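Enquirer: Predicted model and sequence below, questions to follow.
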Amino acid sequence: MKTAIISGVTGQDGSYLAELLLSKGYEVHGIMRRLSSFASGRIDHLVNSNPNFHTYYGDLCDGTSITGIISDIQPDEFYNLGAMSHVKVSFEIPQYTLEANAVGVLIVLEAIRKFSPHTKFYQASSSEMFGVPGVPAPYNENTPMIPQSPYGVAKLAAYHLTRQYREGYGLFATTGILFNHESPRRGGTFVTKKISQAVARIKNGMQDSLVLGNLDAKRDWGWSPEFVEAIYLIMQQEKPGVFVVATGETHTIREFVEEAFSYVGLDSKDYVRIDDKYKRPNEVPLLIGDASSSKKIGWEPKMKFHEIVHAMIDYDMEHLNDK
Ligand code: NAP
Ligand code: F7E
């Protein structure tokens, strides 16, 4: 039985990846933070039902806990999905963002190097590492990376640490540069889930309006359950490397908003307001990915833009009273 550790198991991707690995017969060990309220909603169904699923308290900022878990389990694979993942929030807590998203990665890599060098390591890199206006799109692993946020800077540091441990120490340290990917499990402060939840509530008379920031930015939105399949494939390659995971299609936030409202028969102009507090000091205006590297290993996106919008709204319509 193969063993895997997932950091960030309580998150959107971590929960889908845990399901995928369990379905493939893995023993899965998930690292979760101790919080004052429950944050395990996305994995409760696994905790209670699957004997091959185990959880541990740990924090990427706490070397003792992370090193202890790695040296005890010495897993075949370590998927590093844990991160302070909100770009706007990273401007407000830049130091913590660097600690969790960059130093945290160093802690994992050092623990693997010292105590479990056979462990394959996956780093969740991000299209936020790109971001320079004027650079020809679509973006791939050869595109210059000049990030525009503390989040992007931290992810770029982690990307290079992963490369350095791969090249310097010969570790199987691999990375996927994933463009935005969504699902009903997306956190409520990301724009797609904020929109889909608001549309469902407005349609049902539970909310009056939706307040957003920059509607002109363009994003390459994919489907999280498909993107974790790419992550798994990247980890199964003979050699570690850099792989881009994207749909190759881009849409403005405005298009997402319009598609969402028109799906339930409403006109977005009647409900959407703009507030600068949701805008960022620096914005990445355009993201569109060239996923040729992932196609070469047999991965292709299937869910289309409008299907993603509809699936998220369908879910939120059915779960109006969920906390
Ligand atoms: P998410 O839903 O925000 O999940 C992030 C996970 O990281 C949560 O389980 C969170 O725990 C955990 N975490 C946060 N800080 C931590 C710390 N200090 N120590 C340990 N765990 C910590 O994010 P996601 O969308 O699943 O993304 C997964 C990974 O891919 C992240 O690294 C993200 O930066 C990266 N990424 C995401 C996208 C995307 O579009 N989704 C694109 C590119 C890259 P709590 O539940 O306790 O908060
Ligand atoms: O913003 C605009 C905002 O927060 C998307 C993370 O998973 O993908 C994600 O980062 C766009 C931006 O995602 C609101 O300005 C407008 O242009 O949903 P988001 P993100 O910043 O692209 C990357 C690849 C990651 O790696 C990250 O972890 O939408 N926008 N109005 C808004 N965004 C938010 N959150 N809220 C608004 O009200």
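Expert: Yep, it's here. Ligands and ions are numbered 1, 2, ... in the order given.

Enquirer: Which neighbouring elements make contact with the strand or helix carrying residue 20?
Expert: Following DSSP states H and E, one finds residue 20 within helix 12-23. Packing contacts for helix 12-23, counted by 3 or more CB pairs under 8 Å, 6 or more residues apart in numbering; DSSP states H and E, involve strand 3-7, strand 27-32, helix 44-47, helix 224-236. All C-beta atoms are positioned from the backbone trio N, CA, C, and that covers glycine.

Enquirer: can you pull the contacts of the residue of the stretch 1-150 of the chain found nearest ligand 1?
Expert: Ranked by CB to the nearest ligand atom, the top residue of the stretch 1-150 of the chain for proximity to ligand 1 is residue 11, at 2.1 Å. Neighbouring residues of residue 11 by CB atoms under 8 Å, 6 or more residues apart in numbering: 42, 81, 82, 85, 187.

Enquirer: which ones are touching the last one?
Expert: Applying CB under 8 Å, 6+ apart, one finds that residue 187 lies in contact with 11, 12, 85, 86, 193.

Enquirer: can you redo the helices and strands packed on helix 12-23 as CSV with mean pLDDT?
Expert: Formatted as CSV, those follow (pLDDT from 0 to 100):
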stretch, mean pLDDT
strand 3-7, 99
strand 27-32, 98
helix 44-47, 96
helix 224-236, 98
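
Enquirer: Kindly reformat the ones you listed as JSON lines containing distance to residue 112.
Expert: Formatted as JSON lines, the helices and strands packed on helix 12-23 follow (distance: least, CB to CB, whole Å):
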{"stretch": "strand 3-7", "distance to residue 112": "10"}
{"stretch": "strand 27-32", "distance to residue 112": "14"}
{"stretch": "helix 44-47", "distance to residue 112": "24"}
{"stretch": "helix 224-236", "distance to residue 112": "14"}
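
Enquirer: Please identify which of the ones you listed is closest to ligand 2.
Expert: That would be helix 224-236 among the helices and strands packed on helix 12-23, by CB to the nearest ligand atom, at 9.7 Å.

Enquirer: List the contacts of the helix or strand following the closest one.
Expert: Using DSSP H and E, the helix or strand that follows helix 224-236 in sequence is strand 242-245. Contact with strand 242-245 is made by 125, 139-141, 163, 174-179, 181, 222, 227, 230-231, 234, 289-294, 297, 299, as judged by CB under 8 Å, 6+ apart.

Enquirer: now the strands for the stretch 1-150 of the chain?
Expert: Secondary structure of the stretch 1-150 of the chain, counting by DSSP state E, counting those that start in this stretch: strands at 3-7, 27-32, 53-57, 77-80, 120-126.

Enquirer: With only the CA atoms kept, save the helix holding residue 20 in PDB.
Expert: Output of helix 12-23 as PDB, limited to C-alpha atoms (Å, rounded to 0.1, in the frame of the first residue of the first chain):
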ATOM      1  CA  GLN A  12     -10.400  22.600  -1.700                       C
ATOM      2  CA  ASP A  13      -7.700  20.700  -3.500                       C
ATOM      3  CA  GLY A  14      -6.500  18.700  -0.500                       C
ATOM      4  CA  SER A  15      -9.900  17.200   0.000                       C
ATOM      5  CA  TYR A  16     -10.300  16.200  -3.600                       C
ATOM      6  CA  LEU A  17      -6.800  14.800  -3.700                       C
ATOM      7  CA  ALA A  18      -7.400  12.800  -0.500                       C
ATOM      8  CA  GLU A  19     -10.500  11.200  -2.200                       C
ATOM      9  CA  LEU A  20      -8.500  10.500  -5.300                       C
ATOM     10  CA  LEU A  21      -5.600   8.800  -3.500                       C
ATOM     11  CA  LEU A  22      -7.900   6.800  -1.300                       C
ATOM     12  CA  SER A  23      -9.700   5.600  -4.400                       C
END
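
Enquirer: For that helix, give me every contacting residue.
Expert: In contact with helix 12-23 (CB under 8 Å, 6+ apart) are residues 4, 6-9, 28, 30, 42-43, 46, 50, 52-53, 79, 81-82, 124, 181, 183, 185-187, 224-225, 227-229, 231-232.

Enquirer: and the gap between the residue nearest to residue 225 when sequence neighbours are not counted and residue 78?
Expert: Leaving aside its chain neighbours, residue 225 sits nearest to residue 16 (5.0 Å; criterion: CB to CB, 6 or more residues apart in numbering). Look at residue 16 and residue 78: by CB to CB, to the nearest Å, they are 17 Å apart.

Enquirer: okay, those two: which has more neighbours?
Expert: Legend: neighbour count by other CB atoms under 10 Å for residue 16 and residue 78, higher for residue 78 (30 against 23).

Enquirer: I figured that one was touching residue 124, is that so?
Expert: No. Contact status for residue 78 versus residue 124: not in contact, 11.5 Å apart, counting by CB atoms under 8 Å.
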